[in-house]
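Asks: quick one, what's the 3D model for this:
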Amino acid sequence: MNKININRLEKYLEKIANFNSNSSLEEGVTRLTYSKEDKQARDYILNEMDKLGLEIKIDGIGNIVGIYNPKNIKSEEVILTGSHLDTVTNGGKYDGVVGVVAGLESIRTIKDNNIEIKQPVGLVVFVEEEGTTFGSTLIGSKYFSKNYTNQDIKDHYDDQGISMYERAKEFGLSPEKGPLDIKLEAMLEMHVEQSILLERKNLEVGIVDNIAGVNWYKITIKGETNHAGSTPMDLRKDPMIPAAKIISEINNIINDHPSSTIVGTVGKISCHPNVPNVIPGKVSFTIDIRDIDNHSIISAADKIKCYIEKICIGNNFDYNIELLGKSDSIKLSNRLKNIMKEKAEDKGIKYTILNSGAVHDSAMFENLTDVGMIFVPSKDGVSHSPEEFTSYEDIEKGANILLETIVELAK
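Replies: Now for the predicted structure:
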């Protein structure tokens, strides 16, 4: 039975964790798309791919694929595995990276042990999964899977108002090159759970059944800027008031929704001019709605929109609702789930079938190929935080299932 080298995998992960704009890991990991730290992490992975003799391909916005095909197998379909290297601000060192290094170590194990494969195996590193830099999740995998065009890339901006298209060029990429043309046999992704179900049930691995869909909205409400001290309360047009009512009601709408798996979050709020002694002239905030049922997302969003209209129009405020990004929920491949279950049982690994409330790059491949995901536990369910932690013992178990699944598919 094949086994990955956990010490080597640990070396990869710890090395990548140090490509970090924060002064120490106690502050978490910040590695934003197209940053200096992103380039360091990318170069490190590219160097490891080169050592393995992989055929390296990079698309117009920086998605990386390294293909292992030692005997020039004629099959055009690639078994793809991987994840992302970008983080949220002050995030953890496991999110995304675990999937990249587990894929890298799986390919190295196949090569080192001369395991015969009849289909090429590829490691993929997606850009801008988190959406921290350009305001929408899964941009890299949307582009890779041809759900996004260069025009979409031009329509996403960073906090300085520069488009992702322009930032890609500044980073040394050529967006006009477009996405890669790779046919897929399967897309496999290993990831930390980012929830507490596995730990709570004392389980070692999760095999994902469904990935939740997500809609991101930006709400902007306009009022009138004025002096906080000299403007009487009855003469104010303060957009913070309707914003506060709407944000509070979003929680009620989500809690009252008939779906038991729907969640909603207001995660980013800004006001202008954002000064203590000035009534703001404009307030904006984001809404993140997720569920494994796409219809539930839409129905909840519609109720929220109706409430926004009621509050804003009823109080004479101009407002705007912008859809920043979306991805549909997907059901993962039964074929891959069955292989993963078999491999877990063969190894005596305690597993369960579960859903993912977090979105992942793999979700973009449902219409292109079979998709499978493996989760390993997150301590206390914490993720997107410096306290994010997954033991190497658990990572080893998940990575060995990933390896065995790849080998089974490549027979």
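
Asks: number of residues surrounding residue 263?
Replies: The number of residues packed near residue 263 is 16, by other Cβ atoms under 10 Å. The way it works is simple: take the backbone N, C-alpha and C, and place the C-beta from them, glycine included.

Asks: likewise for residue 241?
Replies: 16.

Asks: other SSEs contacting the helix or strand hosting it?
Replies: Per DSSP states H and E, residue 241 falls inside helix 240-256. If you count contacts as 3 or more Cβ pairs under 8 Å, 6 or more residues apart in numbering; DSSP states H and E, helix 240-256 packs onto strand 213-222, strand 263-265, strand 269-272, strand 282-291, helix 294-314.

Asks: average pLDDT for that helix?
Replies: Mean per-residue pLDDT for helix 240-256: 98.

Asks: in it, what's buried?
Replies: 240, 241, 242, 243, 245, 246, 249, 250, 253, 254 (16 or more other Cβ atoms under 10 Å).

Asks: for the fifth one, give its distance to residue 232.
Replies: It refers to residue 245. 21 Å (Cβ to Cβ, to the nearest Å).

Asks: sorry, back to before: pipe the buried residues of helix 240-256 into a markdown table and attach distance to residue 147 per row.
Replies: Shown next, in a markdown table, are these (distance: Cβ to Cβ, whole Å):
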| residue | distance to residue 147 |
| --- | --- |
| 240 | 37 |
| 241 | 39 |
| 242 | 34 |
| 243 | 32 |
| 245 | 36 |
| 246 | 30 |
| 249 | 32 |
| 250 | 27 |
| 253 | 29 |
| 254 | 27 |
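
Asks: tally of neighbours for residue 5?
Replies: By other Cβ under 10 Å, neighbour count at residue 5 equals 14.

Asks: give me phi/psi at it?
Replies: Dihedral pair for residue 5: phi -100, psi 100, per degrees, to the nearest 10.

Asks: same check on residue 150?
Replies: Residue torsions, per degrees, to the nearest 10, at residue 150 are phi -60, psi -30.

Asks: verify the stated contact: it with residue 173.
Replies: No. Residue 150 lies out of contact with residue 173 (Cβ atoms under 8 Å); the separation is 11.6 Å.

Asks: overlap in contacts, these two.
Replies: Applying Cβ atoms under 8 Å, 6 or more residues apart in numbering, one finds that residue 150 and residue 173 are jointly contacted by residue 60.

Asks: what residues does the residue lying closest to residue 269 once chain neighbours are set aside make contact with?
Replies: Closest residue in space to residue 269, ignoring its immediate chain neighbours: residue 285 at 4.4 Å, by Cβ to Cβ, 6 or more residues apart in numbering. For residue 285, the contacting residues are 218, 219, 243, 247, 266, 268, 269, 270, by Cβ under 8 Å, 6+ apart.

Asks: dump the helices and strands packed on helix 240-256 to JSON lines, plus distance to residue 189 and mean pLDDT.
Replies: Shown next, in JSON lines, are those (distance: least, Cβ to Cβ, whole Å; pLDDT from 0 to 100):
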{"stretch": "strand 213-222", "distance to residue 189": "16", "mean pLDDT": "96"}
{"stretch": "strand 263-265", "distance to residue 189": "21", "mean pLDDT": "97"}
{"stretch": "strand 269-272", "distance to residue 189": "32", "mean pLDDT": "97"}
{"stretch": "strand 282-291", "distance to residue 189": "18", "mean pLDDT": "97"}
{"stretch": "helix 294-314", "distance to residue 189": "21", "mean pLDDT": "97"}
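
Asks: out of those, which is closest to residue 364?
Replies: Closest of those to residue 364 is strand 213-222, at 11.5 Å (criterion: Cβ to Cβ).

Asks: buried stuff in the closest one?
Replies: Buried residues in strand 213-222, defined by neighbour count with 16+ other Cβ under 10 Å: 213, 214, 215, 216, 217, 218, 219, 220, 221, 222.

Asks: of those residues, closest to residue 95?
Replies: Using Cβ to Cβ, residue 214 is the member of the buried residues of strand 213-222 that sits closest to residue 95, with 15.9 Å.

Asks: how close does the closest one get to residue 119?
Replies: On the measure of Cβ to Cβ, residue 214 and residue 119 end up 32 Å apart.

Asks: can you check residue 234 too?
Replies: When residue 234 is compared with residue 119 (using Cβ to Cβ), they lie 72 Å apart.

Asks: more neighbours: the two, which one.
Replies: Neighbours per residue, other Cβ under 10 Å: of residue 234 and residue 119, the larger number sits with residue 119, 19 against 5.

Asks: find the helix or strand that that one is a member of.
Replies: Secondary structure (DSSP H and E) places residue 119 outside all helices and strands.

Asks: show me the domain layout of this structure.
Replies: Under the assignment automatic domain parsing, the domains of the chain span 6-211+329-410, 213-327.
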